[in-house]
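Colleague: Give me a 3D structure for the following:
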Amino acid sequence: MNYCNDVILFENGERLFLTTKERHRFKKVVDTMDTKPRIFCRMLYYTGCKVSEATIVFPDQLYVKNGHILLGVRVGNLSKRFIPLPSVFSIEISTYFPRQENLSNQPVWLMSRSTGWRIIKKT
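Modeller: Sure thing, here's the model as predicted:
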């Protein structure tokens, strides 16, 4: 096992997290993407959530006026947690996903986990 600032980067030979250098490189590439994939990748970047968590975020979990998002609601093995969002990202996500009561039963991202991974692999 390799450790970096008390974070396990590898487990059983498999990679768990990005290094700081990789995160910075990822952010630079994300900033050049089209709107929808850019916002999706920025959510992953700013929250550190898993792709499977990101694809099942519903509008009622976005508290952009308060500057946070509620994750882990619909994932059985993760605890619910509020994650703060940078104000710039809160504005961007609220502009792209205005809160509409009639859409609260649909996920924000109408994509599968596999599609989310394909977006990330393009970066």
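Colleague: Any idea which residue is closest to the centre of the protein?
Modeller: Centroid-nearest residue in the chain, with CA atoms, centre = their mean: Leu44, separated by 2.5 Å.
Colleague: Surely that one is in contact with Ala54?
Modeller: Yes. Assessed by CB atoms under 8 Å, Leu44 is found in contact with Ala54 at 5.8 Å. For every residue, glycine as well, the C-beta is placed using N, CA and C.
Colleague: buried set for the one helix or strand Thr95 maps to?
Modeller: Using DSSP states H and E, Thr95 maps to helix 87-96. The neighbour-count check on helix 87-96 (16 or more other CB atoms under 10 Å) flags 89-90, 92-93 as buried.
Colleague: circling back to that earlier point, roughly how far apart are the residue nearest to the centre of the chain and Lys27?
Modeller: From Leu44 across to Lys27, the span is 10 Å (CB to CB, to the nearest Å).
Colleague: Mind listing residues that contact the longest helix seen in the chain?
Modeller: In the chain, taking DSSP state H as the definition, the longest helix is helix 35-47. Helix 35-47 is contacted by residues 23, 26-27, 30-31, 33, 49, 51, 54, 57, 69, 71, 83, 85-86, 89, 92-93, 96, 109, 111, 116, 119-120, 122-123 when judged by CB atoms under 8 Å, 6 or more residues apart in numbering.
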